[in-house]
Every structure is written in structure tokens, then in C-alpha cells.
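Novice: Below are the sequence and a predicted model for it; my questions follow.
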Amino acid sequence: MSDNNQWGGTPGQQPQGNMGGGQQPPYGGFQPNPGFQPGSQYPGGYPPPNGMPQMPQGQVGPSPGFVGSIKLFFSQFATFEGRSRRSEFWYAMLFQFIVGFVVSMFQMPLVSNLISLVFFIPNLALQCRRLHDIGRSGHWIWTQVLAGVFGIVALLYLVVFVIVNIPDVREEYIKMGIDVTAFYGYAGLLNIPGLVIVVMVLAAIAIGIMFLVFNCTDSQKGTNEYGPSQKYPDTGAVPSNFR
């Protein structure tokens, strides 16, 4: 049987009928690769170019779920390489919120501070992997550090300003047994122009919004320079260094 009529047509005519395996013939009479059986796992029944392995089109990798995300959070507590998908990140945030809420109910500040210390490195690693997942460098995390510094300076400025300039508030602090004289050592903060403090606060808010957008952004499809996508598997061969 010739290439022109192996699907039941005649030379010069478009093929008719089914090719087998539930597949329709391609447009223009294009024939499958020799020796390939239609109806396989490949989209449309045809293998990708050069014989590379290919995942079915539109396939989404399974989410790790709440428990799986917690396991990944602790098992990769110091892993700054690789990628973490959106669901893994937000499940880990939900877990930390629940833990913080439960601890706050029992009013145990020492335990709360200890938990914050334990979660510090895993959070940095998770945030770094989340940035990788959307194709951004982990160095963006330094902007969060900068936002934290701005926030601390602005908070100290506010506390010092209130204690130094409002006697009633200062008296309340004294009644609570707080040594307010220590705050006078920070009085130099009041020399910072108020406009600078406002700019710091606005910058910290802007960075916070930026990271909210980053962490809500869907995974970059396929393999990027940080590794393969957990949500959208490659449609081509995975580089050997990621296998």
C-alpha cells in the first residue's frame, strides 16, 4: 500500500476515515512516523520531534496538599535551591498561622519567640524557592530584609516620639514598670526628617505588596534555570542535571 492511499484514499485526495487508535488523520495528509503506532500516550497520537519524551498536553502535576506542604517545609528547611509551587507556599503559611494562633491563645511569649526563631530559616528557604518558581532570582529576598529594616526604624521613631513628647503616655509606661529612660537613648532618631520616615514606611508597604503579587503568581511552565516545574511538567526532555 502506498503512502497516498494507506488510509483508504486515492492519490491526490485527502485521506478519509480513522487511522486506528481513535485518531483522525492530520491535516494535509501528513503521515505518522514510520513504525509508530497511533493511539499512544502522545498528544494527537504522534511522538514529539527527535523522539524526546513528552507529557500529555495540559497535564498539571498533583498538589502536595496541606500535610505534604508541611513535610516539604521542614524537610527542605535549609534548601535554597529548586522551586516551590504556589500551593506549597500558602499551605505552609496557613500552617504557621494556625500554630501562631494556638500559641497566642495560651499567652506564651517565650514559646512564640522560640517558634519564630525555628521558622526563620525555613521561611527564607521557602520564599527563595517560590521566587525561583516564577523565574526570579532569590536575591529579591534582600528587598524584604530592607523592608524589615525600614519598618523597625519607623516603629522606633514612633515609640521614641510618643514617649519623649507625650507625658501622659510616658507615665503609663512607667506605671507598667517599663524603664522609659532607655528610650531617650534613641532620641537621635527624632533628628531624622519626618518625610524620610514616611518614605521608608511607603517603601516597606510597596515591597510587601510586591511580594504578595510574587507569591500569588502561578508557576512558570516547564524547566527554567532553577529546575523543573512541579506543577507544569515539561513537554520536552528534562535536562540531565535536573533528573
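Specialist: The structure has been received and is ready for your questions. Residues are numbered from 1 along each chain as shown.
Novice: all contacts plus neighbour counts: C-alpha atoms, from now on.
Specialist: Will do.
Novice: residues in contact with the most centrally placed residue in the chain?
Specialist: Of all residues in the chain, the one closest to the mean position by CA atoms, centre = their mean is residue 130, 2.7 Å from it. Shown in contact with residue 130 (CA atoms under 8 Å, 6 or more residues apart in numbering): 83, 84, 85, 86, 89, 215.
Novice: Domain parsing of this protein, as residue ranges.
Specialist: Split into domains by automatic domain parsing, the chain comes to 16-51, 64-136, 137-217.
Novice: in what helix or strand does residue 164 lie?
Specialist: helix 141-165 (DSSP states H and E).
Novice: Could the C-alpha coordinates of the lowest-mean-pLDDT helix or strand in the chain be exported in CSV?
Specialist: When the helices and strands of the chain are compared on mean pLDDT, DSSP states H and E, helix 167-175 comes out lowest with a mean of 78. C-alpha atoms of helix 167-175 as CSV (Å, rounded to 0.1, in the frame of the first residue of the first chain):
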residue,chain,number,x,y,z
PRO,A,167,3.9,62.9,79.2
ASP,A,168,0.6,61.0,79.8
VAL,A,169,1.8,58.1,77.6
ARG,A,170,5.2,58.2,79.4
GLU,A,171,3.5,58.0,82.8
GLU,A,172,1.5,55.0,81.6
TYR,A,173,4.7,53.2,80.6
ILE,A,174,6.2,54.0,84.0
LYS,A,175,3.2,52.6,85.8
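Novice: could you point out which element follows that helix?
Specialist: helix 194-216.
Novice: Now do residue 128, the pLDDT please.
Specialist: Predicted confidence (pLDDT) for residue 128: 96.
Novice: now this protein, which segments are flagged as low pLDDT?
Specialist: Applying pLDDT under 70 to the chain flags residues 1-58, 235-243.
Novice: is it true that residue 76 touches residue 122?
Specialist: Yes - using CA atoms under 8 Å, residue 76 makes contact with residue 122 at a distance of 7.3 Å.
Novice: and those two? which has more neighbours close in?
Specialist: Neighbours per residue (other CA atoms under 10 Å) separate residue 76 from residue 122, with residue 122 holding more: 21 against 14.
Novice: What count of nearby residues applies to residue 182?
Specialist: Neighbour tally, residue 182, other CA under 10 Å: 10.
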